[in-house]
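Enquirer: Provided below for reference: sequence and predicted model.
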Amino acid sequence: MPEIDNIAAPERRSDDEPVRYNPAEIEPRWQSRWDADPALYRAEDHAGGKPKFFCVEMLPYPSGALHIGHVRNYTIGDALARFMRMRGFNVLHPMGWDAFGLPAENAALKNGRAPKEWTLSNIAAMKVQMRRIGLSYDWHGTEVASCLPEYYRWNQWFFLRMLEKDLAYRRSSKVNWCNLCATVLANEQVVGGCCWRHEDTPVEQRELEQWFFRITKYADELLDGLDTMPGWPDKVRTMQRNWIGRSYGTEVTFAVADDTALKGTGFSPSVTPPGKEGALAPEGQPSITVFTTRVDTIFGATSIQLAPEHALVKEWAKTDAALAADVDKMVAEQAAAKQTGDFGTIEKHGVSTGKHAINPFTGETLPIWVANYILADYGTGAIMSVPAHDERDYEFATKYGLPIKRVIAPATSGGANDDSGDLALPYIAEDEAVLINSGEWTGEAALEAQEKMGLFAEHKGFGKRTKTFRLKDWGVSRQRYWGTPIPVVYCQNGHEGVPPKGVVPVPDAQLPVLLPDNVAITAENGSPLGRVPEFVNATCPVCGGPARRETDTMDTFVDSSWYFYRYTDAHNNTAPFSSEKANYWFPIDQYIGGVEHAILHLIYSRYWTKVMRDIGLIKNDEPATRLFTQGMVIKDGAKMSKSKGNVVSPDEMIGKFGADATRTYALFAAPPDRDLDWQEDGVAGVSRFLARVYRLTMKYAPVVKAVEHAKGDEIAPSAFAGQTPAGAKLLRTLHQTIAKISEDFSGRWHFNTSIAAVMILVNEIASSEGAMDSGEIAPATIAELFRSLTLLLAPFAPFLTAELWEQMGHTSSINHAAWPVADATLAKDDEIEIPVQVNGKLANVIKVAADADEETIKATALADEKVQQRLADKTIVKTIYVKGKLVNMVVK
RNA sequence: GCCGGGAUGGUGAAAUCGGCAGACACAGCGGACUUAAAAUCCGCAGUUGCGAAAGCGACGUGGGGGUUCAAGUCCCCCUCCCGGCACCA
């Protein structure tokens, strides 16, 4: 190919007209070209032969401005999406807006702006920012905004399906109330006793009628499914496991003793009337059911403890003023402690009810107490207290002088009847521990006894083996305006549609129930919708009579529970999405977002996926195969906040250094899973690096163009004979870099080292400028270098690389240009460096041929002068050789 | 208290499987270019001792112990920081 070799290197441009990297000129120019092409990032129809890749980043709340943390999150996803496109995948990369929620109402209160107008203008502003950053979203095909009726009508549609399946229900319950939000919060939205949005505002407990979703129906599946999700971080899975909190145990029913009868027979608390063992309470007599995970310790129970809000306590308090007063105090104390978040540390105390219960296993009579450490909403709100084998019960029993009875001993101790008591109490029994003092069960291993005693209680009818979850049903009612109206009415003629009683669902055909505009937002409690007569006054769909419309709206986590399904079919107006499309794209191949949603959005959306599967919409069990949680962006070692004045503005960064530098820095400064300390000087450094790439590539772009033109625009083949050493060295580095980055993308995602590798390559190219100009390095090599360099940087710096790609004479977009392939032969070093140690200390580094055998390497090492100095007067005991890595001589 | 994650130069970090600790950058210092500055380029750079220098040596990955020819990496104990959960029976 003489004509190629004869292409002259371009003249060095004179110093007075340098080619300057100017992102402020390049980036807007490309941005408007991209904006003008609605199909640029459109995924192909699923009929195509390419493998699919569905890449989703968690959608933002449209607050009005992107946070630098968003930039990091979206840049990670965008780099991956761009890489996968170049690897030939059919990539769906969408974006949307989590657009309902309280800040819009606060803005209305503060500035008098309508929530809708405020939200939509924020969306517009943030979309401009996202476009400036060069994020490759298919806006036209996929954009979703949850505040639009086209979206939220499907929330309503799902709500109706949930009603039909008895997954949505209404009941009165104690709820978390945030005064600043002026609404109810779900358990998941209470963080350390405070509101998740108002970190310093304690959550109050209020009794309210609420809509709930029966997420507990799926508790087992949500928990067990975690074991089948290796692509999710352990951290998130562990958090979800703890949140769901399944405990296997036994419910045991204790009959409440008839005190009047006992008094007549000379009652003694530990003596049971004969024949009363295992007795259930007679008709009309109350009983108490406790939940325990350690039924094997039941012979050690010495009292029953009830939560202050237990139904029986309320009953007894009616006729016992002193008890009522004590209990009220306890309820108030529990509520206060929950607010301040130190529920776990308040001192245990309680009060005796004077009543007694009968242990069905032993027939013993146990005193019934009310205790402040018993939760009303976990298990049955009642426990059997076993002070010998439970720390909390021990503490309580010691305080009040209740008996402590040992019924379990370690398996290694003196045997079944060893209750010598030399072991510290409380003794928390292990599985192998052995029962003592437990009647016919004495001698059984604890774990087996749990099983057998549970079965026994079941058989005798005073208990059952069961499991309890920490997870509660999801309260979705919000007393707010800016959310999805719940699509039911209450018929004033008493018509009933579906249960619950009195509720008439709005028929599908009447959806959406539109959120009215022009609603006065005030700070008063109660939903603003309740003050809009045109909204509240409705017609019963069953009888046509007057009806009152539900004024609660849905929790915004409903919106985000299924938004990514809508991406696959965003313009569908007859269904939430087409099953065919969803089944092609789902599950999401890579989901990326902050870990703060580990037990909010990420558990709700798993639940929603299972519900949608069970109503036949989709086939997948889980929404996403892989989840990545990126680290926070911090500044000067601290979380960014307006009050600290250390907030980094993405616009300012882009204005100063350009989007490419901002993006590249966000990936370069730290591995994506770690926290990143934002340093503006670092962005400046990356910007200098991109400027160097620009200057060099612009200089040699004509060479690339000429070479590729001569070859008919084929990809330059790498291996050609007669390569000079300088050229071979550059090609080696190039192919090592290609291999490294390709690997980083498919595994570790340590883009910081990917970018460092490109920097090394560029440094080497820059120092070979003389050799390239003199012709020592062939034009074909130069062409391959710059062509590949541009492709390698394309996922990180899309504007710069698009510009350079065009400057090299390419007319087709770089977005779908093929990712370079590493040539292992070219990447291979022909000479390697081997460190030589003497007694583990570095003596020297020797250079040997890459294919040198062990003998040669050892001989070379031994012959080395510096090594010899270390070996003087010593005897070599052993020589360790690690192939291609090191030689270590052990000497005496 | 329990469960995760982390601690490496002045700073962000690298070392992917036990094999040259500090790649790549930032900040710094010295130099070139310039009337000057900016920009750019070249060089130095873990700490410390000896030396005029080339160089030679010691120490060094939060602390202490261990395994190994060899430890940032594996094991045991401890400290501190971040995140989550926390009287869940």
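Expert: Arrived safely. Residues are numbered from 1 along each chain as shown, chains lettered A, B, ... in the order given.
Enquirer: just give me the neighbour total for the spatially closest residue to residue A:173 that is not a sequence neighbour.
Expert: Residue nearest to residue A:173 in three dimensions, not counting chain neighbours: residue A:210, with 5.9 Å by C-beta to C-beta, 6 or more residues apart in numbering. Any C-beta I mention is one placed from the backbone N, CA and C, and that applies to glycine too. Using other C-beta atoms under 10 Å, residue A:210 has 21 other residues around it.
Enquirer: what pairs with the helix or strand in which residue A:210 is found, and is each one parallel or antiparallel?
Expert: Assigned by DSSP states H and E, residue A:210 belongs to strand A:204-213. Applying DSSP bridges, strand A:204-213 is found paired with strand A:168-178 (antiparallel), strand A:474-475 (antiparallel).
Enquirer: in that strand, what's buried?
Expert: A:210-213 (16 or more other C-beta atoms under 10 Å).
Enquirer: next one: stretch A:539-559
Expert: Of all the residues in stretch A:539-559, those buried under the rule 16+ other C-beta under 10 Å are A:540-542, A:547, A:549-559.
Enquirer: just the ones of these in helices?
Expert: A:556-559 (DSSP state H).
Enquirer: now those residues in JSON lines, with distance to residue A:177 and pLDDT?
Expert: Formatted as JSON lines, those follow (distance: C-beta to C-beta, whole Å; pLDDT from 0 to 100):
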{"residue": "A:556", "distance to residue A:177": "17", "pLDDT": "93"}
{"residue": "A:557", "distance to residue A:177": "17", "pLDDT": "94"}
{"residue": "A:558", "distance to residue A:177": "19", "pLDDT": "96"}
{"residue": "A:559", "distance to residue A:177": "22", "pLDDT": "96"}
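Enquirer: thought residue A:126 was touching residue A:62?
Expert: Yes: shown here, residue A:126 and residue A:62 form a contact pair, counting by C-beta atoms under 8 Å, at 5.7 Å.
Enquirer: where's the lengthiest helix in chain A relative to the chain centroid, distance-wise?
Expert: The single longest helix within chain A, with elements called by DSSP H, is helix A:680-710. Helix A:680-710 has its C-alpha centroid displaced from the chain centroid by 38 Å (C-alpha atoms, centre = their mean, to the nearest Å).
Enquirer: that helix - what's its average pLDDT?
Expert: The predicted model assigns helix A:680-710 a mean pLDDT of 92.
Enquirer: what packs against that helix?
Expert: Contacts defined by 3 or more C-beta pairs under 8 Å, 6 or more residues apart in numbering; DSSP states H and E place helix A:680-710 against helix A:2-5, helix A:650-657, helix A:659-668, helix A:751-766, helix A:779-793, helix A:798-807.
Enquirer: output the contacting helices and strands for the next helix or strand after the first one.
Expert: Just to be clear, that refers to helix A:2-5. Using DSSP H and E, the helix or strand that follows helix A:2-5 towards the C-terminus is helix A:23-35. The contact analysis (3+ C-beta pairs under 8 Å, 6+ apart) places helix A:23-35 against helix A:115-133, helix A:659-668, helix A:798-807.
Enquirer: between the second one and helix A:680-710, how big is the angle?
Expert: Okay, so that is helix A:659-668. 110 degrees (axes from the mean of the first three to the mean of the last three C-alpha atoms, to 10 degrees).
Enquirer: the helix or strand just after helix A:659-668 pairs with which strands?
Expert: Scanning forward in sequence from helix A:659-668 by DSSP H and E, the next helix or strand is strand A:676-677. If you go by DSSP bridges, strand A:676-677 pairs up with strand A:633-635 (parallel).
Enquirer: pLDDT on the partner strand, on average?
Expert: On average, strand A:633-635 scores 86.
Enquirer: any bit of that strand sitting next to RNA strand B?
Expert: No: using C-beta under 7 Å from any atom of the strand, strand A:633-635 stays clear of RNA strand B, with a minimum separation of 8.9 Å.
Enquirer: just how off-centre is that strand within its chain?
Expert: From the chain centre to the centre of strand A:633-635 is a distance of 19 Å (C-alpha atoms, centre = their mean).
Enquirer: close to RNA strand B: what parts of the stretch 151-300 of chain A are there?
Expert: A:191-192, A:234-235, A:238-239, A:242-243, A:245, A:247, A:249, A:291-294.
Enquirer: circling back: mind putting the strands paired with strand A:204-213 into CSV with mean pLDDT and mean neighbour count?
Expert: Output for the strands paired with strand A:204-213, formatted as CSV (pLDDT from 0 to 100; neighbours: other C-beta atoms under 10 Å):
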stretch, mean pLDDT, mean neighbour count
strand A:168-178, 84, 18
strand A:474-475, 90, 22
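Enquirer: in CSV, list those along with distance to residue A:732.
Expert: Below are these laid out as CSV (distance: least, C-beta to C-beta, whole Å):
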stretch, distance to residue A:732
strand A:168-178, 62
strand A:474-475, 58
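Enquirer: indicate which one of those is closest to residue A:855.
Expert: strand A:474-475 (70.3 Å; C-beta to C-beta).
Enquirer: who touches the closest one?
Expert: Here strand A:474-475 makes contact (C-beta atoms under 8 Å, 6 or more residues apart in numbering) with A:173, A:175, A:184-188, A:210-213, A:215, A:555, A:604, A:607.
Enquirer: residue A:597 contacts residue A:58, doesn't it?
Expert: Yes: under the contact definition of C-beta under 8 Å, residue A:597 touches residue A:58, with a separation of 6.7 Å.
Enquirer: more neighbours: these two, which one.
Expert: residue A:58 (23 against 19).
Enquirer: pLDDT score for that one?
Expert: Looking at residue A:58, the pLDDT reads 95.
Enquirer: in the longest helix of chain A, what's buried?
Expert: Residues A:682-683, A:685-687, A:689-694, A:696-708, A:710 are the ones in helix A:680-710 that count as buried (16+ other C-beta under 10 Å).
Enquirer: of these, list those near RNA strand B.
Expert: Checking those against RNA strand B (C-beta under 7 Å from any atom of the strand), the matches are A:682, A:685-686, A:689, A:691-692.
Enquirer: gap between residue A:374 and residue A:325?
Expert: 18 Å (C-beta to C-beta, to the nearest Å).
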